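**Q** model this:
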Amino acid sequence: MSDIETLPADTASRYTIAADSDARAPKRKVQIRSFGCQMNAYDATRMGDLLEKEGYEETATQDDADLVILNTCHIREKASEKIFSELGKLRMAKQDRANSAAPLRIAVAGCVAQAEGQEIRRRQPAVDVVVGPQNYHRLGDLLRQADEKGSAVDTEFPVEDKFDHLIAPSRKRLAQRGVSAFVTVQEGCDKFCTFCVVPYTRGAETSRTPESILAEVRELAEGGIREVTLIGQNVNAYHGADGNGHDCSLAGLMQKAAAIEGIARIRYTTSHPRDMADDLIAAHRDLAALMPFLHLPVQSGSDRILEAMNRNHTALDYIERVRRIRAARPDIALSSDFIVGFPGESEEDFRATLALIEEVTFASSYFFKYSVRPGTPAATLENQIDEATKSERLARLQKLVDSQRHAFNSATVGRRLDVLFEREGRHAGQIVGKTPYLQAVAVDAPRELIGQCVEVEITQSGSNSLFGRIV
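**A** A predicted model of the protein is given here:
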C-alpha cells in the first residue's frame, strides 16, 4: 500500500475552505428535508455547501424558504407515495406564493428521484427540478435551467465523478457541523439482493480516491470534527486507487484517517458479511481510533431465505465471521438488519432467524416487514406473506432484540467509558455525548466539554439513553 499522506495539489485545492460570501448580500433560503439513510444525510449536507455558493442559506422552516428540496429514500415501504403526498402540500404552498415577491421553488433529489424520473414531473407539475443522487453537484445549473425552461430533470448516471465537483464548506457551515460527521467513501452495490433497489438507484459499486477522502477528513478536523463515520451502501467493499494507481482497502483508509490530527474516533457503515476482509477484522484489533461497534446486516437466519434473497452467504457463514471479529476485538458490540416476512418465509424459517439472534446477541438491531419494491426480483416471487403474519412475526422479533438491547445497556451501568460530548442536553447544565458503542449518555457538566472525550461512569440505564457522571 502506497503512502497517500501527501495530497496532489489539485486535490488539495478542491478542499481549500471556501471563502465566506459577502454577509451584506441578500440571501435566498433553502430547506432541505432528508429522508432515509446516512448517505442521504451526507448528500443533504453537501447540497447545502453547493447552494451556499449559489447564494442560499439553509433554513429549518418551509415558510421562509425560497427553495424546498426533498432528498428522498426508496428503501422504505411506499416511499414514492409518501413523497407525492408531501409534494401535494408543497404545490398548495407554491400556489399561495405564486404572485408574491418570493415565489417557492420545489426540487426532488435522491433515490426516488432516480427511480421515478420524469414520472415525478408528470404526476406533480409543480416540481421545478428532479435530480438523482449522482447528479446533485449540478443543482445550480439545474435551477438555472428550470428558470429558463420551466423545469429540469437529470437522472442519468454521469461519466464524471460527482465528488470531483463538490466544493468545500465555508467556515460558517463547518462551524455548524458539531463534532461528528459522515464522509461518503463508496457508493452503489454489485450484490443485487433480490429485495433491494440500491443497484438500480445508486448504480454499481464505485470508490472515491483515498486522496479526496483524506482531504475532506482533514477539512472536517480543522473545522472541529472529532469523529468521522465512513459510509457507503457496501462500505467494506471499498477499494480506492490512489494517485499512483495502488489499491487502498477500507482498513488502510481508516489507518490514514486516524492519523489526521484532531480525529479521535473512526466508524464505518454499512457492511456486507461477504466483504469482511482479514485486514478489516485485524483493524478492529489494532486501530485504537476504530470504535468497537459494527453494523453487520444479516437479514435472515434461514439459509433457504438467504438464498432466495441472493445474499450469497449462509447463517453459519455469518456466525463464523462474527466469531472471528469477536476474537479480534472481544468487547465489540454488533447491530444488524432483519427483514421479516420475505416471500415464502415459513414459521421454521422465521424461527431460524430468532435462533441466530439468540446465538449472536446484538446491542441493537433494525427490523422491517418485507414490502414489494417494483423492479426488484423479489417483487415477482410467489408466496407473498400476508400482512397479519408479518406483523405478528415482527412483534416477536422486536421483543427479542429489545430485550438484548436493554440487557446490553444495563450491563454498562457501573462501567467507566470514554464519552465524546456532542451537544447540550434538554435540561440546564446537562450535556450529551456518545459512548464507543453509540449509546447516548447525558451528564451534568459544563458545556465547555463539548468536543472532548471524557471518562464517564455510567450510573443509570434508561429506555433510550444512559446517564452518568464525570470521573
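**Q** can we go C-alpha only for contacts and neighbour counts from here?
**A** Will do.
**Q** show me the contacts for Asn409.
**A** Ala363, Ser461, Leu466 (C-alpha atoms under 8 Å, 6 or more residues apart in numbering).
**Q** 10 Å instead?
**A** Ala363, Ser364, Tyr437, Gln439, Ile458, Gln460, Ser461, Gly462, Ser463, Asn464, Ser465, Leu466 (C-alpha atoms under 10 Å, 6 or more residues apart in numbering).
**Q** Run a quick neighbour tally on the last one.
**A** When counting by other C-alpha atoms under 10 Å, one arrives at 23 neighbours for Leu466.
**Q** Next: the third one.
**A** The local packing of Tyr437 (other C-alpha under 10 Å) involves 19 other residues.
**Q** Can you give me the neighbour number for the residue lying closest to it once chain neighbours are set aside?
**A** By the measure of C-alpha to C-alpha, 6 or more residues apart in numbering, the closest residue to Tyr437 outside its immediate chain neighbours is Phe293, 5.3 Å from it. By other C-alpha under 10 Å, 21 other residues sit near Phe293.
**Q** Phe293 and Pro436, how far apart?
**A** 7 Å (C-alpha to C-alpha, to the nearest Å).
**Q** Low-confidence ranges, the stretch 1-150 of the chain, go.
**A** 1-26, 75-79 (pLDDT under 70).
**Q** Could I get the full set of strands for it?
**A** For the stretch 1-150 of the chain, applying DSSP state E, counting those that start in this stretch gives strands covering 28-34, 56-58, 67-72, 105-110, 129-131.
**Q** now these as JSON lines including mean neighbour count and distance to Asp418?
**A** Shown next, in JSON lines, are the strands of the stretch 1-150 of the chain (neighbours: other C-alpha atoms under 10 Å; distance: least, C-alpha to C-alpha, whole Å):
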{"stretch": "strand 28-34", "mean neighbour count": "22", "distance to Asp418": "31"}
{"stretch": "strand 56-58", "mean neighbour count": "19", "distance to Asp418": "33"}
{"stretch": "strand 67-72", "mean neighbour count": "23", "distance to Asp418": "34"}
{"stretch": "strand 105-110", "mean neighbour count": "26", "distance to Asp418": "36"}
{"stretch": "strand 129-131", "mean neighbour count": "28", "distance to Asp418": "41"}
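**Q** Can I get these in CSV including distance to Arg323?
**A** Below are the strands of the stretch 1-150 of the chain laid out as CSV (distance: least, C-alpha to C-alpha, whole Å):
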stretch, distance to Arg323
strand 28-34, 36
strand 56-58, 46
strand 67-72, 37
strand 105-110, 37
strand 129-131, 43
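**Q** so which of the ones you listed comes closest to Arg97?
**A** The minimum distance between Arg97 and these falls on strand 105-110, with 10.0 Å, by C-alpha to C-alpha.
**Q** where along the stretch 151-300 of the chain do the strands fall?
**A** Listed in chain order, the strands of the stretch 151-300 of the chain (DSSP E, counting those that start in this stretch) span 152-154, 180-184, 186-187, 206-207, 227-231, 239-241, 247-249, 265-269, 293-295.
**Q** Leu420 contacts Thr435, correct?
**A** Yes. Here Leu420 reaches Thr435: they are 6.7 Å apart, a contact under C-alpha atoms under 10 Å.
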